[in-house]
Structures are given as structure tokens and as C-alpha cells.
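> sequence first, predicted model second:
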Amino acid sequence: MGKDFKQTLVNLIPPAMIVAVVLFWAFIPEALAKHPATIIAAGLVITAIVLGLEFLFERHAGWRLNKREFLTDTFYVVLGYTAISWVSNTLAEDPLKALKKSLGITTEWAMHMPFLLQVALVVFLIEFGQYWMHRLMHNWHPAWLTHAPHHHITQLNAMKGYVGNPIELFLISLSVVALFDLPLAAIFCAVNILGVVSTFAHANVRSDPPLFYSFFFTTIRNHSLHHSVPYEDTRCNYANSLILIDRVFGTYREGEADIVGQDERKRLSIWEQFLFPFRPVIDAIKARRNDPPATAG
């Protein structure tokens, strides 16, 4: 098999996985589609597949996964599927559903849309909200403090999309999908599609999908540039998965980076990531303690 032909096949893996996700959710039995474990299992399988591809088709040797990075990333994957998911449902999804019910909001028309249009609607609703939240985080300092830990990662890997301060992880999860009447299969399908795109956009995989994919969806090229070391260079390509939104709003930039991180590429521990938004307060308290008391004249 020729080298060029092999690379072409690797480049087609992300769109092929999206097709596989759509077929899975389009034909899965309804009882299985409604089971909460199905969406979790599907998401973990996607992550595992892309992790395997990192070993087969490495993009940058400097991003090679090591034990410390793997254990840290695994912690955040578990955190995302447990605590962050619970908080998002409790503080956002459930209140939105209650508000929808109390106001008598109905979108019955959405239930009668073709499956692919339902999926596309959910993808757009999630990504449009994430784009503006993400853009806010890069342009308003208090919000940046919650998001900066995600930019302190010094290599990109398949699980890095889960890494960040819990406050940011909650904020970036917010959406208005709960206000729409849609089948769970369509919602879960959209979530898995976004998972495929986001996982590849963070992964150390030598895959550059063709234009019919990269015009609409975020790739590792787009997202690695967003993770560039200079802060000003991060203020582009905000879309987590739907890079088309950046193209529409003028925040798209072409390019790629292989050196990523922030603040002289300091890698933060999990504890440091959790405390990062509170650093100004912590530093102020320390400075006050270290200041010698004023003496009477």
C-alpha cells in the first residue's frame, strides 16, 4: 500500500467515525437509546479508539502520551462523566426543563423533523453556545481565570478536551437543548458527533481530514493553533467542534502549532488547576500576611 494512499485513509478516519456514530444512533433499539449507560459507553469507545490511533499514527513526538499525562487525563474523564455531568443536570438541565414546562413552551415541530436535521439542530445549539462562552473566556479576565488551566496543558492528546477547572467545565457544558422537544437518540447522536470532532481536535493523530470535513468541523490544525503559547494567538478558532462558526464570525485563523501551553509552558497539577481561578485572592492574602505590620510613629 502506497504511503500517500495510506495517509489518505488516515485522513478519512474522522468523517468515517461520524458516519458510524450517525448509523449507530439512527438504528439502535429505542430501549437501548434511552438507557443512560449507552451514551457513556459510546463516548468512552470513541475516546479509546482515538487513543489507539495516537500510537499508530503519531503527529508530534513531543505530545507522546506518558503515564503522568494518562492518569491526569483519566481523572478528568471520570470527573466529566460523574461530578460535572451531575452538576450540569442539577443546576442547568433540570431547571431549564422545569421552566419549559411551567411556561408551556413546546417545540413539537422538532419531533417531526428528519433524524439528521434533529441531530444538526442539537449540534448547532450546543456549539453556538459554547463558541460564545469560549470567546468570552478569552476576552474577559475573570472568565479567563476559569479557562486558563485548560491552556496550561503542554501537549495535546485524545482526552485533553476533558481537562480544565471544574468551573469552566460546568460553564462550557451549558446549552439550551433542554428547551426543545427532541428524541434522546438525536441528542445523544449529536453529543457523540461533537465528541468525535473534539477528541480528534485534541488528539496527537496524524490525520488531516479533507475540505468537506475541515470546512465545517474543527481539526487538530485549528485547535493546536488555538493552544499556541502566546496568549494573543489563542484568541481565534474558538469553536470546540464546529469551526464554521469561527468562519462566519471572523475569528478563524489558518495555521498549526506543535508547541502549546501558557505562562512559560508551566504544567499545572490537578490541585493547581482547581485553585487557579482563586489565585488572585490567594496571592493577595499571602501578600497581606507577609507585609510587616505598620508601627506607630
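Happy to help now that I have it. Numbering: from 1, shown residues only.
> confirm that Phe216 sits in a strand.
No - per DSSP: H, G, I helix; E, B strand; the rest coil, Phe216 lies outside any strand segment and is coil.
> give me every residue that touches it.
Leu242, Ile243, Leu244 (Cβ atoms under 8 Å, 6 or more residues apart in numbering). All C-beta atoms are positioned from the backbone trio N, CA, C, and that covers glycine.
> pLDDT at the first one, what is it?
Which is Leu242. Leu242 carries a pLDDT value of 97.
> got a list of what it touches?
Val123, Phe124, Glu127, Phe128, Tyr131, Val197, Phe216, Phe217, Thr218.
> out of those residues, give me the one that has the most neighbours.
The most crowded member of the contacts of Leu242, judged by other Cβ atoms under 10 Å, is Val197 (29 neighbours).
> buried ones in the strand or helix carrying that one?
Taking DSSP states H and E as the definition, one finds Val197 inside helix 184-202. Using 16 or more other Cβ atoms under 10 Å as the test for burial, helix 184-202 gives 185-202.
> and the average pLDDT for that helix is what?
Helix 184-202 shows a mean pLDDT of 97.
> for that helix, packing partners?
The elements that helix 184-202 packs onto, with contact taken as 3 or more Cβ pairs under 8 Å, 6 or more residues apart in numbering; DSSP states H and E, are helix 13-27, helix 30-34, helix 36-56, helix 115-139, helix 220-226.
> confidence-wise, which of those is weakest overall?
If you rank the helices and strands packed on helix 184-202 by mean pLDDT, helix 30-34 sits at the bottom with a mean of 91.
> chain center to the helix holding Val197: distance?
When C-alpha coordinates are averaged (Cα atoms, centre = their mean, to the nearest Å), helix 184-202 and its chain have centres 10 Å apart.
> go on, stretch 188-208?
9 Å.
> stretch 111-118 now?
25 Å.
> buried residues in that stretch, which are they?
Buried residues in stretch 111-118 (16+ other Cβ under 10 Å): Met113, Gln118.
> cool, and stretch 269-279?
Quick answer for stretch 269-279 (16+ other Cβ under 10 Å): Gln273, Phe276, Pro277.
> quick check: Leu145 vs His138, distance?
For Leu145, the distance to His138 (Cβ to Cβ, to the nearest Å) stands at 12 Å.
> picking up where we left off before, nearest to Ile167, of the buried residues of stretch 269-279?
Pro277 (6.0 Å; Cβ to Cβ).
> pipe the contacts of Leu242 into a markdown table and attach distance to Val45 per row.
A markdown table is the format used below for the contacts of Leu242 (distance: Cβ to Cβ, whole Å):
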| residue | distance to Val45 |
| --- | --- |
| Val123 | 19 |
| Phe124 | 25 |
| Glu127 | 22 |
| Phe128 | 27 |
| Tyr131 | 27 |
| Val197 | 15 |
| Phe216 | 23 |
| Phe217 | 19 |
| Thr218 | 21 |
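> for Ile259, give me its contacts.
With contact taken as Cβ under 8 Å, 6+ apart, Ile259 is in contact with Gly62, Ser228, Val229, Arg265.
> look at stretch 222-238 and report the distance between its end residues.
One end of stretch 222-238 sits 9 Å from the other (Cα to Cα, to the nearest Å).
> do stretch 207-223 as well
13 Å.
> how about stretch 75-92?
23 Å.
> cool, stretch 72-88 as well?
End-to-end distance for stretch 72-88, by Cα to Cα: 22 Å.
> residue nearest the middle of this structure, spatially speaking?
Nearest to the mean C-alpha position of the chain, counting by Cα atoms, centre = their mean, stands Gly161 at 4.5 Å.
> let me know the distance separating that residue from Ile220.
Taken as Cβ to Cβ, the span from Gly161 to Ile220 is 12 Å.
> give the residues shared as contacts by the two.
Common neighbours of Gly161 and Ile220 (criterion: Cβ under 8 Å, 6+ apart): Ala201, His202.
> how far away is the nearest residue to Ile105 once chain neighbours are set aside from Leu121?
Spatial nearest neighbour of Ile105, chain neighbours left out: Leu179 (6.2 Å); criterion: Cβ to Cβ, 6 or more residues apart in numbering. Leu179 sits at a distance of 12 Å from Leu121 (criterion: Cβ to Cβ).
> one more: Glu256?
For Glu256, the distance to Leu121 (Cβ to Cβ) stands at 31 Å.
> out of the buried residues of stretch 269-279, which sit inside helices?
Residues of those located in helices (DSSP state H): Gln273.
> mind putting the buried residues of stretch 269-279 into a markdown table with pLDDT and distance to Asn237?
Converted to a markdown table, those look like this (pLDDT from 0 to 100; distance: Cβ to Cβ, whole Å):
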| residue | pLDDT | distance to Asn237 |
| --- | --- | --- |
| Gln273 | 96 | 22 |
| Phe276 | 95 | 22 |
| Pro277 | 96 | 23 |
